[in-house]
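Enquirer: following is a predicted model, sequence given first.
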Amino acid sequence: MRQIVLYPDETGYWIVECPSLPGCISQGETKEEAIANIREAIRGYIAALEEDGLPVPEEHYGAMLVVV
């Protein structure tokens, strides 16, 4: 299980990142497409690390809203 951050960009696409996997970023025209794309990106990222014999980073991020 991995946490993701999902937000719209200025063109209307949805950007999605997985903070516990540096550089693991994707996008989609809809939220649903972006989420499906990041799932695939996460699987590929982890598979590449394992293939290279590198450690897979643990999930260690939490989310919080801050009132300003």
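Expert: Yep, it's here.
Enquirer: next, the distance between the ends of stretch 60-68.
Expert: End-to-end distance for stretch 60-68: 25 Å, by Cα to Cα, to the nearest Å.
Enquirer: look up which residues are beta-bridged to the closest residue to V5 other than its chain neighbours.
Expert: Excluding its sequence neighbours, the residue lying closest to V5 (Cβ to Cβ, 6 or more residues apart in numbering) is E17, at 4.9 Å. In this view, the C-beta of every residue, glycine as well, is placed from N, C-alpha and C. Beta-bridge partners recorded for E17 (DSSP bridges): V5, I25.
Enquirer: number of nearby residues for E17?
Expert: Around E17 there are 19 other residues, counting by other Cβ atoms under 10 Å.
Enquirer: state the distance from it to A41.
Expert: 10 Å (Cβ to Cβ, to the nearest Å).
Enquirer: which residues are in contact with each of the two?
Expert: Residues touching both E17 and A41 by Cβ atoms under 8 Å, 6 or more residues apart in numbering: C24, I25.
Enquirer: and the spatially most central residue of the chain, what's its pLDDT?
Expert: Nearest residue to the geometric centre of the chain (Cα atoms, centre = their mean): C18, 2.6 Å. C18 is assigned a pLDDT of 96 by the prediction.
Enquirer: got it, and A48?
Expert: 98.
Enquirer: what about it, which SS state?
Expert: helix (DSSP: H, G, I helix; E, B strand; the rest coil).
Enquirer: ok, it - how many residues close by?
Expert: A48: 10 neighbours (other Cβ under 10 Å).
Enquirer: also I38?
Expert: For I38, using other Cβ under 10 Å, the count is 26.
Enquirer: before we move on, what about I4?
Expert: Neighbours of I4 using other Cβ under 10 Å come to 21.
Enquirer: my guess is it meets N37, correct?
Expert: No. The criterion here is Cβ atoms under 8 Å, and I4 misses it with N37 at 10.6 Å.
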